[in-house]
Structure formats: structure tokens, C-alpha cells
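[1] Following is a predicted model, sequence given first.
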Amino acid sequence: MPRKTKGRTQMALELLEEKIIDVEYSDVMRKSYIDYSMSVITSRALPDVRDGLKPVQRRILYDMAELGVTSDKPYRKVARIVGDTMGKYHPHGDSSIGEAIVVMAQDWKKMAPMVDGHGNFGSIEGDEAAASRYIECRMTDYTENVLLADLRENTVDFMPNYDEQEKEPVILPCKLPNLLINGSEGIAVGMATNIPTHNVGETIDAAIYYLDHPDATSEELMQFIPGPDFPTGGIIANKEALKTIYETGSGKIRLRGKVSVETEKGKDRIVVSEIPYTMIGEGIGKFLQSVADLVENKTLADITDISNQSSKEGIRIVFDLKKGADAQNIINILYKKTKLEDTYGYNLLAISNGRPETMSLAAVYADYADFQYEIYSRKFQNLLRKAARRREIDEGLITAIDVIDAVVEVIRGSKTVAQARACLMTGDTSGIIFKTGTSMKQAKKFCFTELQTDAIMELRLQRLVGLELDVLTEDYRKISRNIARYEKLLDSNTEMTKEIKKGLLELKAKYDRPRRTEIIDAGEIVIEEKPEEILPVVVLADRFHYIRSVDPAVYEKNRETIEAENKYIILASTDQKLILFTDKGKAHTLKVKDIPYGRLRDKGVPVDNITAYDSKTENIVSILLLVPLEEWIFVSSDGYVKRVDSGEFDVTRRAVDATKLSGDAQLIAVTPFTGENIALETEKGYSICFKQEEIPHQGKVARGAIGIHLGTGDRVRMIDMASPIRASKRGGKGKKR
């Protein structure tokens with residue numbers, strides 16, 4: 001037994017060795033990643049230049065066509081379409097399909113929505129759509145007439161779906177440059193596309209021109225397409241850049257919202273009626289917050305109220321202004337400092353001939369024209385086949401009705417169907433019983449085609465009525481005319497071009513809309529910097545470090561109450577700064593103008609909210625007004641002292657190191673230099689008093705000099721400027737009180 005087992009194991013190992021292939025791991029990873037990348041690029045993230053759709057969009061619309069969810073039928077649950085699309089064509093998860101349906105229905109994202117939504121499909125302000133089980137949809141007539149109209153005319157190829165149980169179109173037979181009309185956004189692996197929407201009528205005019213001038217350049221096409229046309233309207237402010245953008249397929253477009261000024265009761269208000277396309281969604285809320293921040297920091301102090309009055313009728317954001325405010329300068333600030341003016345990164349990247357390509361405007365129309373000739377040719381070839389078949393049948397029926405008696409005798413006199421068919425097709429009358437010799441003579445001349453024979457065998461008696469024969473004859477003539485037309489179109493490129501242009505003009509009459517986005521060449525925004533009004537204030541901070549400022553007159557009127565309730569009372573002006581020193585040796589800068597100004601009973605705001613100070617890790621020991629050419633005395637708990645010029649703290653950074661501390665030492669006080677005596681008192685009751693002039697002048701990064709020699713475990717706990725202790729020399733041990 002052991003020998004037998006060993007033999008089998010040896011055989012298995014030898015067989016395994018034969019199947020082991022030595023490969024470089026990096027090569028396998030590189031190939032796998034490239035395969036994954038190309039799958040994402042071509043099968044998920046990028047649109048095809050021919051129909052302007054990503055695979056998920058194409059599959060959704062085809063599935064809706066299969067389900068019969070057309071624009072004239074009742075709405076169907078989005079969940080039903082999601083499930084059907086996922087089960088048949090797109091096995092990538094229900095959320096991606098549901099989100100694609102929602103986007104195709106949002107008229108603030110698409111110039112020509114491809115889905116007609118019913119229910120909560122979100123809003124331009126960023127509200128999310130309801131779950132797919134709650135909302136309904138159907139196709140728009142744009143989808144039916146532009147994307148799917150000739151799908152059943154063998155205009156495009158079909159391929160097996162992912163499990164090879166169904167067939168799906170490789171592309172939809174789109175009649176318009178949908179890539180430009182509805183744009184596209186997508187992030188692939190190592191590349192991204194960002195195509196803006198365009199005006200339907202303008203894209204059609206450019207298409208007609210290109211069909212007549214196949215060598216047209218992007219610049220020539222721009223006489224019809226001056227630039228993108230966004231559903232949200234707004235303004236394109238860099239017209240001159242568009243030429244380069246359309247020639248290269250990439251660049252930056254400067255977008256602005258559309259603003260007007262209204263006057264009521266002597267006061268102006270600024271009204272934003274159209275927003276940049278980049279602001280849709282959460283961008284509106286962020287824009288309002290950024291304006292509120294500018295109002296709070298006094299940049300837009302002349303705005304008294306902000307209100308978003310937008311509705312289904314459109315965008316309306318209103319800023320009420322103070323009387324006499326400079327409305328134009330405020331508009332300039334809004335453009336300069338908020339997303340009311342924004343940049344749109346144009347990147348016309350699409351799948352062309354099976355590979356990703358950044359395309360110029362002319363290149364898009366070259367592919368579009370080739371595709372139109374292809375689908376129109378296939379359509380009329382298919383119609384020609386159908387018409388020829390129908391004419392052949394009609395021709396046979398008309399001939400058969402002329403000799404109907406002989407036809408009937410052949411069918412009645414035959415013993416089998418095959419015998420009757422043989423006679424109709426070849427004139428073979430052997431074995432067939434005829435009532436009259438005339439019918440036999442006529443039967444011997446029969447030479448109907450197989451298709452005609454099938455139609456004769458299925459001929460209903462009602463077709464023998466005289467009126468029906470007239471209808472049949474007229475149908476034959478009509479079909480003959482159509483065949484002649486189809487052949488003419490297929491034989492002449494000029495005639496085919498006319499046919500394509502005719503279809504384009506019909507679609508333009510149906511879907512053309514006035515341009516929404518204005519295109520101008522605007523220079524850089526110039527903001528008129530007004531000198532800030534300097535006001536005297538009294539800064540108040542309580543022991544909980546809530547800070548505010550009040551009018552000096554309020555302070556004088558309520559001096560006793562204010563001094564009882566506040567730890568710090570500082571007379572200042574709005575052009576000055578305060579320096580907050582903490583026990584960790586940090587200095588935090590606070591502009592007086594940033595301190596909330598209000599009434600006496602206002603609580604103020606925590607210092608944490610308007611500085612980099614963190615109340616959880618440090619404590620404020622002093623708040624000083626930054627006065628030029630002043631000196632400040634620093635005292636630390638380990639007995640060190642120093643003098644520092646106040647100018648060292650006039651910096652742009654919100655927080656800097658104020659002094660050097662060693663070990664667990666803390667900064668206990670910062671006080672202005674007055675030239676008087678200063679006393680230091682320790683936790684163990686020792687005190688020393690000396691002249692302030694004895695304190696050395698050092699920088700803010702220095703530790704200082706010894707002010708008092710401390711005993712083991714002792715620390716300086718406070719300073720005193722009016723100590724009764726007789727002055728001695730700095731650096732002694734002090735006296736115990």
C-alpha cells in the first residue's frame with residue numbers, strides 16, 4: 001500500500017511540474033492592469049463619439065425600448081428598468097444604473113434629457129433623487145426620434161450580452177451629434193472626459209455645413225457653434241480661448257453667473273438669475289456660505305441680507321444691500337472671491353474607432369458624418385430588400401388574380417401541396433386534374449417564384465374583390481417608386497447627403513431652442529479696494545474667554561457692570577491686533593476687526609472660534625494690544641524673565657512661539673514694560689522685587705535670564721507691580737514672607 005501511494009503522489013507531482021509556467025510577476029501585473037484599464041476606458045467610463053453614450057446609458061435606453069416604455073406610454077418604476085437592465089445587459093450593480101437614469105432625466109445637466117422622470121429626481125441645489133422603487137420614468141421623444149428611430153432597420157450591429165442569452169446593439173443609430181448636445185463626464189484609469197453641453201440647433205447647423213464641406217476646420221465650424229451652451233445659462237467670459245479649445249480638444253473655460261441689480265425704496269439688491277454650470281448641486285450651498293463668510297469678515301459689509309428664492313421657475317439668489325452701496329464693486333468681489341466665476345475644464349475625450357482619443361470639433365464631425373452615411377446606407381439597403389420582396393409578392397399576386405381560375409383549378413386538382421407548388425413554380429401539370437383545357441394551357445405557362453408561390457397559396461378570397469385588386473395595383477406602383485428612390489439614394493452620395501440633411505432639418509424644427517449661455521470676452525475682474533473705516537472699540541473678554549467688542553460710549557455708560565463681569569477690558573481700534581499669550585508659550589494673533597461687534601448683553605464668541613487657540617490643551621495668561629515700539633516682560637514658572645519688542649509679534653501667521661520653555665515650565669504672565677519695579681512670588685512663599693530695567697532684552701525664541709533662584713520643587717506663581725517688598729537685585733533667592 002505505501003509503495004502504491006508513493007507512486008501516485010510522484011505521478012501527480014510530475015504532472016503538476018509539466019503545467020507550471022515560469023513568468024515574471026511584474027509582467028503579469030502589468031498585463032492585468034492594462035487589461036483592467038482598457039475595460040474601464042472602453043466599457044464603462046468614456047462615451048462613444050458616434051452616439052455620445054456610455055455603455056450603461058446605451059443599455060438602459062435599449063432596455064426601455066425592449067420594454068416598450070415610450071414617451072406615449074405610462075411611466076414605469078425605475079426599479080423595474082434597473083433590474084431588467086442589470087439582469088440582461090449591465091451586470092455592474094443597481095446603483096450605477098439607477099444613478100445613470102436619474103442623470104439622463106435631469107434637465108439642469110442635459111441639454112436634451114433622454115429620460116422623462118416622474119417623481120423626485122433630485123434638484124439643481126444638490127438634493128438627492130428618491131430611491132428607484134419610488135420614482136418612475138419613460139423615454140423622451142428625443143430618445144425615440146434621435147437615438148432609437150431606425151434601430152429595427154438593421155442600421156447597427158448587435159452583439160451577445162454578457163451571458164450570451166440576449167443580443168444588444170453595439171451602438172445606437174443616433175441621428176444628431178449627441179456627444180456635443182448632452183455632453184459627458186467620466187473618470188477612467190489614467191484619463192478623464194469632461195464634455196460640455198451644446199445648443200441643439202447650432203450643432204445641427206454645423207452638421208449640415210460639414211456634410212457639404214467635409215474638409216471644414218474647427219474654426220469654420222465655430223461660425224455655427226460659437227461655444228458650449230449650458231442648461232443653467234450663465235456667461236462664458238473667455239471667448240478668445242474657445243478657438244484653441246475646439247482645435248485641441250482641451251482647455252479651460254471661464255464661467256460666470258448672470259447677475260442683475262434691482263432697486264426698491266432707494267436700496268439696491270443684487271440678483272443672481274443664472275449660475276455657472278459648475279455650481280449645480282452642493283455648489284449653490286457652498287456659494288451662499290462663502291458669501292456669508294465674506295459678509296462676516298467685513299469684505300462684503302454692505303450686504304445686509306442673503307436669501308435663496310430659487311424655485312421650479314428658475315434660480316433667484318438675492319443679496320440686499322445697504323443704502324448707497326457700490327453694487328458693481330460688490331458684484332466684482334462676488335466674481336473674484338466666490339464660485340460665481342469658476343473654471344470648467346474642457347476635455348473632449350471619447351471612444352473613436354474603438355480607442356480613446358482627445359478630439360477636436362472637426363474630428364467629432366468627421367466621425368459623425370461617417371456614421372450617418374453608414375446608418376443611412378444600411379437603412380436604405382434594408383428598406384430596398386424589404387421593398388423588393390414586397391414588390392415581388394405583389395407582382396405575383398396581380399398576375400395570379402388575372403388567371404385566378406387556372407390557379408384555383410391547379411390547387412383543387414392537385415393531390416398534394418407540393419404538387420400544386422411545383423405547378424405554380426414550373427408549369428408542371430402532370431397528375432393534376434383540370435376542369436377545362438384553357439386552365440391547363442394557362443397552368444403550363446406558370447413560372448412564379450418561391451416567394452410568390454407562398455403568397456398565392458396563402459391568398460384569401462377577399463383579395464379577389466375588384467376594389468382589393470385596385471389597392472394591390474396601387475401598392476405595387478408605390479413600392480416601385482420607393483425602390484427607385486432607394487436605389488437612387490444608394491447610388492448617389494449627393495442624394496444621400498440631401499436625405500441626411502432633410503432629416504437634420506426636421507429634427508432642428510422639433511428640438512431647436514434659443515441659446516441660454518452668453519459668450520463674451522471679459523477682462524480680469526478689478527476690485528475697488530475701499531479704505532476700511534477705522535472705529536474705536538472696547539474689547540471685552542470674560543473669564544470663560546468669550547470675547548466681543550462694544551462702542552466706547554456703551555462702555556463709559558456701563559463701566560461698573562462691564563468691569564465686574566469681564567477679566568480683560570482693552571481700549572482699541574479696528575485696525576489693531578491683539579496678542580493672546582498661553583501657558584504653553586504660544587502667541588495667537590487676533591485682528592480687532594474680526595471680533596464680533598455688538599450690544600452690551602451679547603455673549604460674544606469663544607476665542608477658539610476666531611483664533612488658532614485650543615482651550616483643551618492651553619490656557620490664556622495674558623491678552624495685550626499690539627502697540628508699536630512697546631516692550632513686553634515675560635515671566636515663566638521656572639523663574640526666568642526677559643524683555644521682548646512687541647514688533648516681533650506683528651506677523652501674518654495666526655500662531656507663533658512666544659518664548660522658549662524648558663521641561664514642564666509654563667509661561668505665567670506677559671505684561672507691558674513700564675520701568676517700575678516687578679515682584680515675583682513663588683508657591684512656597686518666597687518673593688523678590690527688582691527693577692524692570694534689570695531684565696535683559698532678548699528675542700521671542702530666547703528662554704530669558706534668571707529672575708529668582710528657586711528651591712527644589714518651587715515654582716513662580718504670580719507677579720506683582722505694586723509690591724511693598726524693598727527692591728533688591730535680580731537673580732537672588734528672595735525672602736520668605
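    Thanks, I have it. Residues are numbered from 1 along each chain as shown.
[2] drop to CA atoms for contacts and neighbour counts, all remaining ones
    Noted.
[3] Give me the pLDDT value at the residue lying closest to Val403 once chain neighbours are set aside.
    Spatially, and ignoring its direct neighbours in sequence, Val403 is nearest to Gln442 (7.6 Å; C-alpha to C-alpha, 6 or more residues apart in numbering). Note for Gln442: predicted pLDDT of 90.
[4] Next, the buried residues of stretch 275-289.
    Ile275, Pro276, Tyr277, Thr278, Met279, Ile280, Gly281, Gly283, Ile284, Phe287, Leu288 (16 or more other C-alpha atoms under 10 Å).
[5] Surely the fifth one is in contact with Lys339?
    It stands for Met279. Yes - using C-alpha atoms under 8 Å, Met279 is in contact with Lys339, at 7.2 Å.
[6] Can you check the distance spanned by stretch 122-130, start to finish?
    Taking C-alpha to C-alpha, to the nearest Å as the measure, stretch 122-130 stretches 7 Å from start to finish.
[7] Using JSON lines, please lay out the buried residues of stretch 275-289 together with secondary structure and distance to Phe649.
    Compiled in JSON lines, those are given as follows (DSSP: H, G, I helix; E, B strand; the rest coil; distance: C-alpha to C-alpha, whole Å):
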{"residue": "Ile275", "secondary structure": "coil", "distance to Phe649": "43"}
{"residue": "Pro276", "secondary structure": "coil", "distance to Phe649": "42"}
{"residue": "Tyr277", "secondary structure": "helix", "distance to Phe649": "45"}
{"residue": "Thr278", "secondary structure": "helix", "distance to Phe649": "41"}
{"residue": "Met279", "secondary structure": "helix", "distance to Phe649": "40"}
{"residue": "Ile280", "secondary structure": "coil", "distance to Phe649": "44"}
{"residue": "Gly281", "secondary structure": "coil", "distance to Phe649": "43"}
{"residue": "Gly283", "secondary structure": "helix", "distance to Phe649": "38"}
{"residue": "Ile284", "secondary structure": "helix", "distance to Phe649": "39"}
{"residue": "Phe287", "secondary structure": "helix", "distance to Phe649": "34"}
{"residue": "Leu288", "secondary structure": "helix", "distance to Phe649": "35"}
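[8] Can you pick out the most distant pair from these?
    Farthest pair in the buried residues of stretch 275-289 (C-alpha to C-alpha) is Tyr277 and Leu288. Separation: 15.8 Å.
[9] What is the neighbour count of the residue lying closest to Asn619 once chain neighbours are set aside?
    In space, and not counting its chain neighbours, Asn619 is closest to Thr582: 5.2 Å by C-alpha to C-alpha, 6+ apart. Per other C-alpha atoms under 10 Å, the neighbour tally for Thr582 reads 26.
[10] Give the phi and psi angles for Thr582, as a check.
    phi -120, psi 170 (degrees, to the nearest 10).
[11] Which pLDDT value goes with it?
    pLDDT at Thr582 comes out at 96.
[12] ok, it touching Lys616?
    No - in terms of C-alpha under 8 Å, Thr582 does not count as a neighbour of Lys616; the distance is 11.8 Å.
[13] re the thing from before, name the residues contacting each of Met279 and Lys339.
    Phe287 (C-alpha atoms under 8 Å, 6 or more residues apart in numbering).
[14] Tell me where the stretch 151-300 of the chain is predicted with low confidence.
    189-190 (pLDDT under 70).
[15] Start from the N-terminal end of it and give the strands.
    All strands of the stretch 151-300 of the chain, identified by DSSP state E, counting those that start in this stretch, fall at 158-160, 167-169, 184-187, 192-195, 235-236, 250-256, 258-264, 267-274.
[16] Am I right that Leu334 sits in a strand?
    No - remark: Leu334 does not belong to a strand; assigned using DSSP: H, G, I helix; E, B strand; the rest coil, it is helix.
[17] how about CSV for the buried residues of stretch 275-289, with distance to Leu147 added?
    Shown next, in CSV, are the buried residues of stretch 275-289 (distance: C-alpha to C-alpha, whole Å):
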residue, distance to Leu147
Ile275, 30
Pro276, 29
Tyr277, 25
Thr278, 27
Met279, 29
Ile280, 27
Gly281, 28
Gly283, 32
Ile284, 33
Phe287, 37
Leu288, 39
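[18] which residues touch the residue nearest to Cys447 when sequence neighbours are not counted?
    In space, and not counting its chain neighbours, Cys447 is closest to Met425: 4.6 Å by C-alpha to C-alpha, 6+ apart. Neighbouring residues of Met425 by C-alpha under 8 Å, 6+ apart: Phe446, Cys447, Phe448, Thr449, Glu450, Thr453.
[19] What is the burial count for the fifth one?
    Residues within reach of Glu450, counting by other C-alpha under 10 Å, total 14.
[20] State the distance from Gly427 to Phe446.
    5 Å.
[21] same question but for Val627, I mixed them up
    Taking C-alpha to C-alpha, one finds Val627 at 120 Å from Phe446.
[22] quick one: which of the two has more around it?
    The neighbour comparison of Val627 against Phe446 (other C-alpha under 10 Å) goes to Phe446, with 21 against 16.
[23] correct me, but that one touches Leu424?
    Yes - assessed by C-alpha under 8 Å, Phe446 is found in contact with Leu424 at 5.3 Å.
[24] where does stretch 709-728 sit relative to the chain's centre, distance-wise?
    Centroid displacement of stretch 709-728 relative to its chain, using C-alpha atoms, centre = their mean, to the nearest Å, is 66 Å.
[25] again with stretch 242-253
    With C-alpha atoms, centre = their mean, you get 19 Å for stretch 242-253.
[26] And it, what's buried?
    Buried residues in stretch 242-253, counted by 16+ other C-alpha under 10 Å: Leu242, Lys243, Ile245, Tyr246, Glu247, Thr248, Gly249, Ser250, Gly251, Ile253.
[27] again with stretch 144-156
    Under 16+ other C-alpha under 10 Å, the buried positions of stretch 144-156 are Glu144, Val146, Leu147, Leu148, Ala149, Asp150, Leu151, Glu153, Asn154, Thr155, Val156.
[28] same check, this time on stretch 514-526
    Here stretch 514-526 shows Arg515, Arg516, Thr517, Glu518, Ile519 as buried, counting by 16+ other C-alpha under 10 Å.
[29] Grab the nearest non-local neighbour of the third one.
    Pointing back at Thr517 there. Thr517 sits nearest to Gly233 (C-alpha to C-alpha, 6+ apart), 4.3 Å away.
[30] who touches that neighbour in this structure?
    Contacts for Gly233 were tallied using C-alpha under 8 Å, 6+ apart; they are Gly257, Lys258, Glu274, Ile275, Pro276, Tyr277, Arg516, Thr517, Glu518.
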